[in-house]
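Enquirer: predicted coordinates and the sequence they were generated for:
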Amino acid sequence: MTSNKKSREEFSRDVYEAFQAICVTSNMIHRRRHDHLMQDTMSTTRCKLLGEPVSTFIVGSQVEGSTTIGMRSDTDRVYRLDNVQVVLKLDAWQTGKINLLAFKDQTTPPQFYKLCRLQPTTDGRQEYMRHPDHETDVVDEQGRVLVCNTVFDNEIKRACEVVGEGEIVKHGPSRSYSDEFDIVDALPCHDLPEECESLFTRSRPGHWPKSETLEFARHCQVFFIPQGHPHSPLNERKLQWRLSTSLTERKLMFDFTEEQMLVFILLKMLQKEYCKSKFGDNVSTFHIKTAMMFCIESHPPDIWRIDNIVECAIYCINILIQWAQDNVCPHFTMGGVNLFDGKLSEPDIRELETFLINLNKNITEYICKLKMDSFGVKVLQKVHDKESIIEQQTGILREITLKVRSTQCATFQHIYLQLGKMDVNNAVCCVSDHLTYLRGLQSLGSDMQREAANLLLPFLYGTLASIKASCITTQQPVTQDIIDFYQPSFDCDLMSGKLKYASMLYCRGQYDQAAHMLNHCEGLLGPDVAHICVCVGRHYGYLPDTFLRKALNTSTVDLLKTSSTLCVMFCKHELPCVPEHLQHEMYRTQTQEDKNERNLSHEWMDLVVIECEPFLFFLQYLVYRQKGNLSKRKSAMSHLVDFINNAKWLCDNAKGHMDTAFHVLAHCCELENRPDVAWQLYQRSINIHPTNNIAWVHLIRLFRKYLLRET
C-alpha cells in the first residue's frame, strides 16, 4: 500500500490530517497542559491556605496532552506529603518533619527501597526508631521500625467511606474513590538517588534533552510511592517502596515537539487497540513513552517532520523490538532498571517481539484499521468535516473548563468550611491571611501561581467584605474600606460577586443602589453565558455552543471570569448580608435521617447556596417591593417562574439548587398573600429532595400560621 518513499510520506501527511480531525493539534495540546497545570496549582494553593501539608501534581496523559477523546484517559494525581522527608543519609534529616531513611538490602530489586523511621536524640541528631509508630509498622531483625507500603490504606478506606464512594479503586500504587482518577500518595526524597544520576551522566548525542531541560530536570523532586515488586515474597513486597521520577518525566514530555507528540500518540493508540488485548497492562504506555524518549535522544532532530510521522513510529518500534530481543527495557531516567522485570515472562517477551515485528511490517494496515476515534477511517477519508472538528474541539474544552471550575469552587467551599469552625474575629483574620498569601503569589509567584491567585482572590475579597459588612449594625454606614473590598470581588465570575454586593445593599436598606446593581447584572445575562454548579450531588455544567466556540480563542481563566456564573455562597458569618428567608437554607439538615443521607462531600449543605439567576430575580422582587414598584416587582417574580420552568441546563429537577429556587419563589408567593401556591412549591421541592430540605420547616410554619388559624 505504501511501499515506496513517496507514498509513505503521503500517508504520513494523511495521518497528520487525521490528527487534526480528532483535535490533536499543537493548540489543543498546549491548552490541555496549561489548564491541567492550573488545576495542579490551585489544588496545591488550596492545601497551603488550609494548612494541609500536601502538594498535588497531575502527571500522565492529561497534563502531557498525549490523549484523545477516544482514549478516555483518567487523571493521574500525585499527592506529596510535605510533612515527611525521606533521606538517603542519616545526617541529611530535617527538623520539623517526619524523617525516614531509605535503604537497600539483598532483597530489594532495582528501583525499590525500604524505609525506616527515625527519631531525634537528646543531642539533636537522628537515630533509628525502635518502637512502632503506626499499626502497619514492622520491626526488622536489626530492631529498626520499617514503614509498610500499606500505611495509607486504612486512611484512604475511611476517606472513601466518609465521602460515600464505597470501595477503594486500585490501579497499581493508586488508591482512589473513582475510576476517573488515579491518586498516589508520595513521599518526597531529599536528595537525588544514585540511579537517577544516569540521566545526567550517560553519553548522548546532545541535541535532546536540551541542556536547559536537563538542568530543570535535575531539580525535579523524586518520590517514593507505596508499591512493592510483584515478584517479591509478600512479606517483603509490603515493605518495598518504588522510586518514582514522574515530575522529571513530565518535564521531558513538555519538551516534545508537535511532531514527536503525534508519533507518541499514534503509538499509544496502536498499543491500546492491538497490544492491550494481548498483554493487558504488562505492556503499557510507559514502555512506549520510554522508547520514544530514547528514540528522540538517539535520532537526529531533522527526522521529526509531518511527512515522516509513520517512519518515526517505525524507528521507535524498532527500539522496542531490540529491547525484546535483549530481554531488557531500560528506564530513561534511572539506571539499572529493567521495565520488563515483573511484567513479562520469557514467553511473553517472545510473543511481544513477534507482534512488534508484524506491526512494523504492516504498520499502515494497522493504522488504517484503528477504531479509536475512528482514526483509521479519517486517515482514509482525507477530507474532514469542519463542523465535526469544531464540535470535538468544543467537547474537549467543555471537559477542561468544568475541571478548572470544579477545582476553583472546591477551594471556595473548603475555605468556607474552615471559616465555619471559627468565631467571626478569627474568620476575619483568617481571610486576611489568605489574601496576604495570594497577593504574595500574585506579585512574586510563577506565571501559573499568578493565574491561580487571580482566580481565587476575587472570592476572598468578596467574603471579607461581606463578613465585615455583617459585623456593623444597620444604623452604621458601610465604610469605604468595605466597599473597596467588594469591588475586586466583581471579577470572580460574571455576577456572583456583584450579587453578594447587591444583597448587602438590600439588607441595609439601600434599595436604589441595590436596584442599580441588579439591573446591571440582568443586562449581563445572555445566550453565551455558562452556568456551572460543582456542589456534590447537584453538579451540572450548562456550557452553550456560543460559549464553547468563544473558548476556541479565549483562555479558560478569562472565560470563567467574564462569561460564566457560579453558585452564590454565604457562610454563617455573612448571614446579616443575606435576605432573612434565604438564611434558612443553612439549616437544611434537621433530622437523623437527614444526617444519615449526608457525607463529607455534602458539607456545602451547611452554607447558603443559590444559583445566580434565581438569586438575581429574588433580590429584584424584594427590592422593588420595598420601593413600591408594582410592575417591576411582578416582572421579577415572572422571571423567577420562567427560570424554574425553562432553565435549559437543569435537565432534571435534581440538578443544581432547584429546591432553593422553589423556596425563594414560595416566599414571594407568601408576600403576595398566596400561601396556597407557596405550599405547593414547598411540596414540589420536597418531591425533588425529600431529605436535607428546609422546605419541611417552611411547611410546618405555614401550617401553624394559616391552617391552624383557620381552624
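Expert: Structure's in. What do you need?
Enquirer: looking at it, Phe57 is touching Asp82, isn't it?
Expert: No - Phe57 lies out of contact with Asp82 (CB atoms under 8 Å); the separation is 12.0 Å. No exception for glycine: its C-beta is placed from N, CA and C like everyone else's.
Enquirer: which of those two has more residues huddled nearby?
Expert: Phe57 (22 against 16; other CB atoms under 10 Å).
Enquirer: bridged to the more buried one, which residues?
Expert: When bridges are called by DSSP bridges, Phe57 pairs up with Val78.
Enquirer: show me what contacts it?
Expert: For Phe57, the contact set (CB atoms under 8 Å, 6 or more residues apart in numbering) comprises Asp40, Arg77, Val78, Arg80, Ser246, Leu247, Arg250.
Enquirer: please flag which of those residues sit within helices.
Expert: Filtering those for membership in helices, criterion DSSP state H, returns Asp40, Ser246, Leu247, Arg250.
Enquirer: how much space separates the third one from Ser55?
Expert: Spelled out, that is Leu247. Applying CB to CB, to the nearest Å, one obtains 11 Å for the distance of Leu247 from Ser55.
Enquirer: before we move on, what about the second one?
Expert: Taking CB to CB as the criterion, Ser246 is separated from Ser55 by 13 Å.
Enquirer: between the ones in helices among the contacts of Phe57, which is closest to Ala465?
Expert: For Ala465, the closest of the ones in helices among the contacts of Phe57 turns out to be Asp40, at 29.2 Å, with distances computed as CB to CB.
Enquirer: count of neighbours near the closest one?
Expert: Applying other CB under 10 Å, we find 21 residues neighbouring Asp40.
Enquirer: quick one, grab the pLDDT at His639.
Expert: Here, the pLDDT recorded for His639 equals 97.
Enquirer: what of Thr2?
Expert: Per-residue pLDDT puts Thr2 at 43.
Enquirer: ramachandran coordinates for Phe490?
Expert: phi -70, psi -20 (degrees, to the nearest 10).
Enquirer: next, the residue nearest to it when sequence neighbours are not counted: phi, psi?
Expert: Here the nearest residue to Phe490 in space, its sequence neighbours aside, is Gly497; by CB to CB, 6 or more residues apart in numbering that works out to 4.7 Å. Summarising the backbone geometry of Gly497 under the convention degrees, to the nearest 10, its torsions are phi -60, psi -40.
Enquirer: what does the one 5 residues further on give?
Expert: Here the main-chain torsion angles of Ala502 (degrees, to the nearest 10) amount to phi -60, psi -40.
Enquirer: can you get me a residue count around it?
Expert: Residues contacting Ala502 under the criterion other CB under 10 Å number 26.
Enquirer: residues contacting Thr691?
Expert: Contacts were defined as CB under 8 Å, 6+ apart; by that measure Thr691 touches Thr591, Glu593, Asp594, Glu597.
Enquirer: one more pass at 6 Å, please.
Expert: By CB atoms under 6 Å, 6 or more residues apart in numbering, the contact list for Thr691 reads Glu593, Asp594, Glu597.
Enquirer: sec struct for the closest residue to Leu352 other than its chain neighbours, please.
Expert: Nearest in space to Leu352, with sequence neighbours left out and distances taken as CB to CB, 6+ apart, is Ala324 at 5.2 Å. Classification of Ala324 into helix, strand or coil gives helix, according to DSSP: H, G, I helix; E, B strand; the rest coil.
Enquirer: so how far is Asn318 from Ala324?
Expert: When CB to CB is the yardstick, Ala324 and Asn318 sit 11 Å from each other.
Enquirer: the two: which is more packed in?
Expert: The residue with more neighbours, out of Ala324 and Asn318 and counting by other CB under 10 Å, is Ala324; that gives 23 against 15.
Enquirer: okay, the more buried one: pLDDT?
Expert: Reading off the per-residue confidence, Ala324 sits at a pLDDT of 97.
Enquirer: could you do Ala647 as well?
Expert: The score at Ala647 is 78. That number is its pLDDT.
Enquirer: how close does it get to Thr401?
Expert: In this structure, Ala647 lies at 19 Å from Thr401, with CB to CB as the measure.
Enquirer: out of these two, which sits in the busier spot?
Expert: When neighbours are counted by other CB under 10 Å, Thr401 comes out ahead of the other of Ala647 and Thr401, with 23 against 20.
Enquirer: could you find the closest non-adjacent residue to that one?
Expert: The shortest distance from Thr401 to any residue that is not its chain neighbour, by CB to CB, 6+ apart, is 5.5 Å, and that residue is Thr556.
Enquirer: that neighbour reaches Arg405, doesn't it?
Expert: No - contact between Thr556 and Arg405 fails when scored by CB atoms under 6 Å: they sit 8.6 Å apart.
Enquirer: list the beta-bridge partners for Val138.
Expert: In beta-bridge terms (that is, DSSP bridges), Val138 pairs with Leu146.
Enquirer: what pLDDT is listed against it?
Expert: 95.
Enquirer: swap in Cys521?
Expert: The predicted structure scores Cys521 at 97 on the pLDDT scale.
Enquirer: Ile265 sits in which helix or strand?
Expert: When secondary structure is defined using DSSP states H and E, the element that contains Ile265 is helix 258-270.
Enquirer: quick one: mean pLDDT over that helix.
Expert: 98.
Enquirer: so for stretch 677-693, what gets flagged as buried?
Expert: Residues of stretch 677-693 classed as buried by neighbour count (16 or more other CB atoms under 10 Å): Ala678, Trp679, Leu681, Tyr682, Arg684, Ser685, Ile686, His689, Thr691, Asn692, Asn693.
Enquirer: inside helices: which ones of those?
Expert: For the buried residues of stretch 677-693, secondary structure assignment (DSSP H) places Ala678, Trp679, Leu681, Tyr682, Arg684, Ser685, Ile686 in helices.
Enquirer: reformat these as JSON lines; add distance to Asp385.
Expert: Formatted as JSON lines, the entries for those read as follows, by distance: CB to CB, whole Å:
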{"residue": "Ala678", "distance to Asp385": "52"}
{"residue": "Trp679", "distance to Asp385": "53"}
{"residue": "Leu681", "distance to Asp385": "46"}
{"residue": "Tyr682", "distance to Asp385": "50"}
{"residue": "Arg684", "distance to Asp385": "44"}
{"residue": "Ser685", "distance to Asp385": "45"}
{"residue": "Ile686", "distance to Asp385": "48"}
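Enquirer: number of nearby residues for the closest residue in space to Lys382 that isn't next to it in sequence?
Expert: Spatial nearest neighbour of Lys382, chain neighbours left out: Asp14 (5.8 Å); criterion: CB to CB, 6+ apart. Around Asp14 sit 21 other residues, with neighbours defined as other CB under 10 Å.
Enquirer: and the gap between Asp14 and Gly541?
Expert: Relative to Gly541, Asp14 is positioned 35 Å away (criterion: CB to CB).
Enquirer: just Ile482 next, same as before
Expert: Remark: distance between Ile482 and Gly541 (CB to CB) = 33 Å.
Enquirer: where do the helices sit along the stretch 401-550 of the chain?
Expert: For the stretch 401-550 of the chain, applying DSSP state H, counting those that start in this stretch gives helices covering 424-444, 447-470, 480-489, 496-507, 511-524, 545-551.
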